[in-house]
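Trainee: Pasting the sequence and the predicted model now:
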Amino acid sequence: MTAFDFLAGFVFIYPALMAVAWTVGGLVFWWRTEREAERGQGPPGPAAGADGSASDAWPPVTIVVPCRNEAAAIARTCRNLCRLDYPDYRVLLVDDASTDGTAEAVRPFLDEFGFFHLLRLTRHHGKAGALNAALGLVTTPLVLVLDADTALGERSLGCFVRPFLRQPRLGAVTGNPLPQNRAGLLGNLQAAEFAAIIGLIKRSQRVWGRLLTVSGCATMYRTETLRRVGGFSTRTATDDIDITWRIQRDASEVWFEPRATVLIQIPLRVREYLRQRYRWALGGWHLLRTHASVWRSWRHRRLWPTYLEFGVSYLWAFCFVGCTVAWAAALVLGRRLPGLSPVPAWHGGVLSLLCVVQMAAAVLVNTPYDPGLRRSFFWVPWYPLFFFVMGAFLAVWSAPRGLLGPLEGMGRWMSPGRAAKDAPGRAAKDAQRPR
Amino acid sequence: MAPPRRARLVGPVAGGQALQHSEAPASPGGETAGEGESLPTGASPDDLRVSVVFALTCLAWAAITVGAGWVLVAVGWWLLARLWFTHVFVPWLVTATARLSLGLVAWAAVLWLAALLWRRYNHARYHLRERRRLQALPRWAEPWLWSETVFEDPPERARRT
C-alpha cells in the first residue's frame, strides 16, 4: 500500500463515516427530542396564555441588531420586529458608523415605537465590536443577536426563550435559519445545505455533546454569561464560532432549537458566495488556532471530539486537494497514479449515495419547519460539487492567512449585498404558517 | 414598463375639447407633429399590443429560466443515476458494495446505540443530579427612557439624547 493509496482511502472513508454519524445523530435528536416535544412529552415550560404563546412568565428580552450600511434592508427588518408575539421585548439597533443613511432609515421606527432604540457608533467597530458596545447597555437577562437582513418568525422569540426556562447550564440558544431567497442553483443548494449541514449537524452535535458553532444570524444569549466570557471577540473572522467555544469552555451549554425559525438572506452571486465561504474557512482556522488550549484541561474534555473532528475535516481538505493536484499533474505528465481519482467512479458513487441519504434525512427532520425544503432536495445532485470540492479548496486556500496571518482587525468584514425587495419569499410564507 | 397611455387631440380646439382616438402611430414623444396637444386618457390598440407583447416576453423568459433550471436538475439526477448504475450497482463490484454497505450499516447501528446510551448517561449524571439550580430569570428590566444614543471613542463613553 503506497502513501497515495492511504491518502486516497482517507479521502474516501472519512466523509463516508461522518455522513453516517451526522445522519444517525440528527435522527436521534429528532426522534428523542423534537418528536417528544411535539407530543407534549418534553419538560414543561412556563404557563402559556390562551393562545399558547405569550404569558406573564416570560422574561424581558433585548434584540440587538448590528447594522453597517444596511439602509436597503433595515426597514424591512424593523417592520418584522414590530409584530413579534412576545410580551416584553425591546429592539436595539446598533449603527456601526454607516455611511449610507442607515440611521435615517431607522428613525421613523424610533418615533413610532417606544421599544425601538438606536445606538450609533462614531467609528467602524465591526460586528463583534458593535455587539460589545451594545452589551454595555443591555439590562435584560436575555439578549438575542440578530443580523440586519434576518427576519424572525412571529412566535420564534418564545421558542428561543423557552430552553432558558428549563436548563440551568444554558448560555446560548441558536435558531434554525431558513434561506428566504432560494432562487436558482446556488440558492437551492444553499437551502439544502442549511438543512443538511446547519440543521442536521447541529442536531447531531447536540446528541454527542458540544456544538461547533451557533448561527451568527440569530442566537439568544444569557446576558450574564456573555459578560462573564468577555463579550464577542474582534480577533476572529467568525465571532459566532469563537463565542460558542468560549461559552462552552465556561461550562455552559449551547442548545439548538429547531422551532426558533429565522429567515435569512443568502448570497446568490458566486463571487459573494465564495467571499462568505472564504471567511467561514478562515474562521475555522482561527478556531483551531485560538482554542487549541482546550486540550490542556480535563475540564474541557467534552470539547475534544468537536475540535478533533473539525481539525480532521481540514486535514481531509488538504488530502483531497493534494490527491487532486497529484492526479492532475500525473495526467499532464502522461502517467497514471494508482488510487483515488477526483473523477467519480465507485468511491464517488458511494459517497454521492451517502450524500443523498444524508440530505433525505435532513429534509425529513427539517420539513416541519420549512415545507419548501422538499423542492430544494431536487437540486442535491450538484451539492457535492459545491460543498466537497469548493469547501476543500477554500479551506486550503485560507490556510496560510488563517494560521499565520494577524488576528487584529479580523472582526471587520463586509456583509453580502442585500436585496431591498420587501415581498416575502416562499420560505417566508411557509415559515409563517401555524404549526 | 409600458409607456404612458395618451390620446391625441385632433383638429382645432374650440369650446369644449373633444377627445378622439387617433389611429396614427405616435411619435417617440407621445405626440403627432402638427396635431395639437396630447392628454392622458385610455390606451390605443398599438399600446395595448406593446403591453401584451412585453408581458408575454417576460412570461416566456421566466418559463425558459425555470425550464433551464429543471433541465439542470434533471441532468444532475441523470448523471448521478448513470454513475450509480455503471460503477456502484454492477455485478463485478457487488462484493465490495455489499461489504461496504454492511460496514456502514453496522457503523450506524453502533452510533445509534451509543447515542441512546450516551443520552441516558448524561440524563442520569447531569440532569438528575444537577448541582446548579435553575434560577428564575428576572421578569422585569429597567426600561430605557431614551430612543437614541451615541457611542463615542476614544474615550469610550455614551452620550444620551
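Mentor: Done, it's in.

Trainee: CA atoms of stretch B:131-146 as CSV?
Mentor: Output in CSV follows, covering the C-alpha atoms of stretch B:131-146 (Å, rounded to 0.1, in the frame of the first residue of the first chain):
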residue,chain,number,x,y,z
ARG,B,131,-25.9,20.8,41.2
ARG,B,132,-26.7,24.1,39.6
ARG,B,133,-30.2,25.2,40.4
LEU,B,134,-32.4,26.7,37.8
GLN,B,135,-32.6,30.3,38.9
ALA,B,136,-35.7,32.1,37.7
LEU,B,137,-34.8,34.8,35.2
PRO,B,138,-35.9,38.3,36.2
ARG,B,139,-39.3,39.2,34.9
TRP,B,140,-38.6,42.9,34.8
ALA,B,141,-35.8,45.0,33.4
GLU,B,142,-35.2,48.7,33.8
PRO,B,143,-36.9,50.5,30.9
TRP,B,144,-34.8,52.7,28.6
LEU,B,145,-36.1,56.2,28.6
TRP,B,146,-34.0,57.2,25.6
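
Trainee: average pLDDT for it?
Mentor: Mean pLDDT, stretch B:131-146: 82.

Trainee: which other residues reach it?
Mentor: Defining contact as CB atoms under 8 Å, 6 or more residues apart in numbering or on different chains, one finds that stretch B:131-146 is touched by A:56-60, A:62, A:88, A:90, A:117, A:137, A:139-142, A:164-169, B:160-161. In short, each C-beta sits where N, CA and C put it, glycine included.

Trainee: go on, stretch B:115-126?
Mentor: Contacts for stretch B:115-126 (CB under 8 Å, 6+ apart): A:24-25, A:28, A:32, A:169, A:207-208.

Trainee: report the longest strand in chain A, please.
Mentor: strand A:253-264 (DSSP state E).

Trainee: moving C-terminal of that one, what's the next helix or strand?
Mentor: Next helix or strand after strand A:253-264 toward the C-terminus (DSSP states H and E): helix A:270-290.

Trainee: Which neighbouring elements make contact with that following helix?
Mentor: When contacts are defined as 3 or more CB pairs under 8 Å, 6 or more residues apart in numbering or on different chains; DSSP states H and E, helix A:270-290 sits against helix A:184-193, helix A:239-249, helix A:304-332, helix A:391-397, helix A:399-404.

Trainee: Quick one: list the elements packing against the third one.
Mentor: For helix A:304-332, the helices and strands in contact under the criterion 3+ CB pairs under 8 Å, 6+ apart are helix A:3-29, helix A:270-290, helix A:391-397.

Trainee: and the residue in chain B positioned nearest to chain A, how far is that from A:N366?
Mentor: Closest to chain A within chain B is B:G76: 3.2 Å, counting by CB to the nearest CB. Separation of B:G76 from A:N366 (CB to CB, to the nearest Å): 21 Å.

Trainee: residues near residue 112, how many?
Mentor: Going with chain A. Residues near A:E112, counting by other CB atoms under 10 Å in any protein chain shown, number 10.

Trainee: ah, I was thinking of chain B
Mentor: Residues near B:W112, counting by other CB under 10 Å: 16.

Trainee: who's in contact with it?
Mentor: So, once contact is read as CB under 8 Å, 6+ apart, B:W112 ends up touching A:24, A:28.

Trainee: any idea which helix or strand comes after whichever helix or strand B:V53 is part of?
Mentor: Counting by DSSP H and E, the element that carries B:V53 is helix B:45-83. Proceeding N to C from helix B:45-83, the next assigned helix or strand is helix B:94-122, under DSSP H and E.

Trainee: Would you mind listing the buried residues in whichever helix or strand comes after that next one?
Mentor: Using DSSP H and E, the next helix or strand after helix B:94-122 towards the C-terminus is strand B:148-152. Within strand B:148-152, the residues that count as buried by 16 or more other CB atoms under 10 Å in any protein chain shown are B:148-149, B:151.

Trainee: what does stretch B:131-142 give?
Mentor: B:137, B:141.

Trainee: Where does the stretch 201-350 of chain A get nearest to chain B, which residue?
Mentor: Residue of the stretch 201-350 of chain A nearest chain B, by CB to the nearest CB: A:G349 (3.9 Å).

Trainee: Disregarding residues adjacent in the polypeptide, which is nearest to that residue?
Mentor: Once flanking residues are discounted, A:G349 sits nearest to B:V88: 3.9 Å by CB to CB, 6 or more residues apart in numbering or on different chains.

Trainee: these two touch, right, the one you found and A:L353?
Mentor: Yes - B:V88 lies in contact with A:L353 (CB atoms under 8 Å); the separation is 6.8 Å.

Trainee: In PyMOL, how would I select the buried members of the contacts of stretch B:131-146?
Mentor: For the buried members of the contacts of stretch B:131-146, the matching PyMOL selection, counting by 16+ other CB under 10 Å, is:
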select buried, chain A and resi 57+58+59+60+62+90+117+137+140+141+142+164+165+167+169
